[in-house]
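Visitor: Can you look at this prediction? I've put the sequence above it.
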Amino acid sequence: MSTYTFHVSGTHCASCKILIEDILSEQNNIHSVRVDLEKEVVEVETDINYDSVELAKMLTDKIQPNGYSLSVTKESTTKVEGDVIWQAIPIGLVILMLFFLLQKSGILNLGLGGQTTYVTSFIIGLIASVSSCLAVVGGLVLSLSAKVSQDNMSDTKTFTLFHVGRLVSFAGLGGVLGAIGGAVGINFTFTALLGILASVVMLLLGLNLVGVFEKNKISLPSGIFSFFRKVEHKTLTPLILGFATFFLPCGFTQSMQVSALSSGSFTSGFLIMFAFALGTLPMLLLLSFGSASFAHSKYAPLFFKSAGVVVIGLGLFALLAGLAGLGIISPLFNI
Amino acid sequence: MNKIALSIVTVSLVIGIGIIFLDGLKGVETAGVQSGQNIEIRDGVQYITINAKGGYSPRVTTAEADIPTKLIVKTNGTYDCSTALVIRSIGYQKILPQTGEEVIDIGTAKPGTSLAGTCSMGMYNFSINFD
């Protein structure tokens, strides 16, 4: 039995500790693994003796796919990191400004009179996906996607599951609303609370993407991140999250839900909500798969930080609006 | 690029976003319906009309107190958040029809009170002051 200590790089979150420990302790002849995030070291106890350089190389092979590496001597951290944030803040702010200008322009309030058909609900979906709803739903998708891509290389499956879950649940719940008719109303306070929860999640993820926690070497409690870890590693969670977006506060979604309610049959409610969700899909696909492709390019650090700035901005917007909607604070803006 | 240039860009962007938000607080009153023109008293009942589309207009209305009052919220091809109306002080919440008029009885208000409505997401709002 012997103990080795290695320097670890690539640990950016509390869940990394769990992940590294999980992977390494599954290896042959490894007795125990302990990760110290603060010192960025990994202590490994083995059953047989190894050459420490060899062992570092062998273990790195196992955790490389997740973006971590072990070394015997401390690798000098790249100095580029500090400058990236200076570029990321203006990029993020430009995106936020364009978004708010788009809201103010009134282009999105174009009239779609008459009966709600499947074609109009598809168009409304398209509009909704760039409207203020984007602040909540899109912000959440962007922050989760960036986070998933940062932690996990196999993100395509997770995103596909999320979007499939979203389409299926919108259609299914739309059908249910159509079938039961006016008997139920979706409670506003409930959706507002969900919206506030979503904006808090966005703020935390945004700060994490920008690297506030990393810089101060303070990691969020593992409990919070074990939630996100589940998001990444389980099949069911992205499906459930897709389902949950049905209830997130979004005026367009809510008015479509009413259309589905008054449509009178399962099929028509199903088709209205399905067409609406289909309309929102292109923008959301762009957000999640776009972030995945950026995350795997050489612009990854800049992308994560810019995305973080955007998500923090949208999260603040959604939080303040949500609190005003609940009557907790007086409205600060009208946009 | 150097840090100073980027900080200047950052500061100007923050100011830009600030202007967009502050403009939202006063800009709408001058556009659309003028405050005061949206009140009509018929048969001893005060009717206040608010248009709901891409926000509520007018944003601020000054109405008379001590008289039975009804609020008429008009929608016209409205699909955005302003259809999901919440008036917390009277416990009212409803998703309005996409096109139509919704009459809401708000009772008789006392002088100096006000009534605030928001959409469910909270980014659109209006208020009515009674005096």
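Guide: On my side now, so go ahead. Numbers count the residues shown, from 1 in each chain, chains lettered A, B, ... in the order given.
Visitor: distance between the ends of stretch B:65-82?
Guide: Stretch B:65-82 has an end-to-end distance of 26 Å (CA to CA, to the nearest Å).
Visitor: List the buried residues for it?
Guide: Residues of stretch B:65-82 classed as buried: B:69, B:71, B:73-75, B:78-82 (neighbour count, 16 or more other CB atoms under 10 Å in any protein chain shown). For glycine as for every other residue, the C-beta is placed from the backbone atoms N, C-alpha and C.
Visitor: near chain A, which of those show up?
Guide: B:78-82 (CB under 8 Å from any CB of the partner chain).
Visitor: and which of these is nearest to residue A:132?
Guide: Using CB to CB, residue B:81 comes nearest to residue A:132 of these, at 6.5 Å.
Visitor: What are the boundaries of the helices in chain B?
Guide: Secondary structure of chain B by DSSP state H: the helices cover B:3-30.
Visitor: now the residue nearest to the spatial centre of it, nearest residue through space, not along the chain?
Guide: Note on chain B: the residue nearest the mean C-alpha position is residue B:126, at 2.2 Å, using CA atoms, centre = their mean. Using CB to CB, 6 or more residues apart in numbering or on different chains and skipping the chain neighbours, the partner closest in space to residue B:126 is residue B:56 (3.8 Å).
Visitor: Who are the packing partners of the helix or strand bottoming out on mean pLDDT in chain B?
Guide: Lowest by mean pLDDT, DSSP states H and E among the helices and strands of chain B is helix B:3-30, with a mean of 72. Applying 3 or more CB pairs under 8 Å, 6 or more residues apart in numbering or on different chains; DSSP states H and E, we find helix B:3-30 packed against helix A:80-105.
Visitor: Report the angle between the helix it packs on and helix B:3-30.
Guide: Put simply, helix A:80-105 runs at 20 degrees to helix B:3-30, going by axes from the mean of the first three to the mean of the last three CA atoms, to 10 degrees.
Visitor: from the chain's centre, how far out does the helix or strand just after helix A:80-105 sit?
Guide: Counting by DSSP states H and E, the next helix or strand C-terminal to helix A:80-105 is helix A:118-128. Taking CA atoms, centre = their mean, to the nearest Å, the mean C-alpha location of helix A:118-128 is offset from the chain mean by 24 Å.
Visitor: What of stretch B:11-23?
Guide: With CA atoms, centre = their mean as the basis, stretch B:11-23 stands 22 Å off its chain's centre.
Visitor: What lies in contact with it?
Guide: A:90, A:93-94, A:96-97, A:100-101, A:104, A:332-333, A:335 (CB atoms under 8 Å, 6 or more residues apart in numbering or on different chains).
Visitor: Need the max-distance pair from those.
Guide: By the measure CB to CB, A:90 and A:332 form the most distant pair in the contacts of stretch B:11-23, at 24.0 Å.
Visitor: For the chain, which segments are assigned as strands?
Guide: I went with chain A, as the question did not name one. With DSSP state E as the criterion, chain A has strands at A:2-9, A:30-36, A:41-46, A:69-71.
Visitor: nope, chain B
Guide: B:39-42, B:45-52, B:56-57, B:60-63, B:68-75, B:84-87, B:92-95, B:100-108, B:114-119, B:125-130.
Visitor: ok, so of the contacts of stretch B:11-23, who is nearest residue B:119?
Guide: Nearest to residue B:119 among those: residue A:335, at 11.4 Å, using CB to CB.
Visitor: Can you tell me which of the ones next to chain A among the buried residues of stretch B:65-82 is nearest chain A?
Guide: Ranked by distance to chain A (CB to the nearest CB), those are led by residue B:81 at 2.7 Å.
Visitor: about what we covered before: I'd like the strands of chain B written out as a markdown table, with mean pLDDT added.
Guide: Listed next are the strands of chain B as a markdown table, based on pLDDT from 0 to 100:
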| stretch | mean pLDDT |
| --- | --- |
| strand B:39-42 | 88 |
| strand B:45-52 | 91 |
| strand B:56-57 | 86 |
| strand B:60-63 | 88 |
| strand B:68-75 | 92 |
| strand B:84-87 | 87 |
| strand B:92-95 | 84 |
| strand B:100-108 | 90 |
| strand B:114-119 | 88 |
| strand B:125-130 | 89 |
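Visitor: Dump these to TSV, plus distance to residue A:285.
Guide: Formatted as TSV, these follow (distance: least, CB to CB, whole Å):
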stretch	distance to residue A:285
strand B:39-42	48
strand B:45-52	31
strand B:56-57	33
strand B:60-63	41
strand B:68-75	31
strand B:84-87	26
strand B:92-95	28
strand B:100-108	35
strand B:114-119	27
strand B:125-130	33
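Visitor: Quick one: closest of the ones you listed to residue A:308.
Guide: Closest to residue A:308 of those, according to CB to CB: strand B:114-119, at 28.1 Å.
Visitor: What does residue A:38 show for phi and psi?
Guide: Phi and psi for residue A:38, reported as degrees, to the nearest 10, are phi -70, psi -40.
Visitor: With adjacent residues omitted, what lies nearest to residue A:124?
Guide: residue B:79 (5.2 Å).
Visitor: residues touching the one you found, list them.
Guide: Per CB under 8 Å, 6+ apart, neighbours of residue B:79: A:112, A:124, A:127-128, A:251-252, A:255-256, B:98.
Visitor: touching chain A at all, stretch B:96-113?
Guide: Yes: using CB under 8 Å from any CB, stretch B:96-113 reaches chain A at B:97-99.
Visitor: Restricting to C-alpha, output that stretch in PDB.
Guide: This file holds the C-alpha atoms of stretch B:96-113, laid out as PDB (Å, rounded to 0.1, in the frame of the first residue of the first chain):
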ATOM      1  CA  LEU B  96     -57.300  37.500 -21.000                       C
ATOM      2  CA  PRO B  97     -58.800  36.500 -24.400                       C
ATOM      3  CA  GLN B  98     -56.400  37.300 -27.200                       C
ATOM      4  CA  THR B  99     -58.900  39.900 -28.600                       C
ATOM      5  CA  GLY B 100     -61.700  41.400 -26.500                       C
ATOM      6  CA  GLU B 101     -62.600  43.500 -23.500                       C
ATOM      7  CA  GLU B 102     -62.400  42.400 -19.900                       C
ATOM      8  CA  VAL B 103     -64.500  44.300 -17.400                       C
ATOM      9  CA  ILE B 104     -63.100  44.100 -13.800                       C
ATOM     10  CA  ASP B 105     -65.100  45.500 -10.900                       C
ATOM     11  CA  ILE B 106     -62.600  47.100  -8.500                       C
ATOM     12  CA  GLY B 107     -65.200  48.600  -6.100                       C
ATOM     13  CA  THR B 108     -65.000  52.000  -4.600                       C
ATOM     14  CA  ALA B 109     -61.600  53.300  -3.900                       C
ATOM     15  CA  LYS B 110     -60.600  55.500  -1.000                       C
ATOM     16  CA  PRO B 111     -58.700  58.800  -1.700                       C
ATOM     17  CA  GLY B 112     -55.000  58.400  -1.700                       C
ATOM     18  CA  THR B 113     -55.000  54.700  -2.500                       C
END
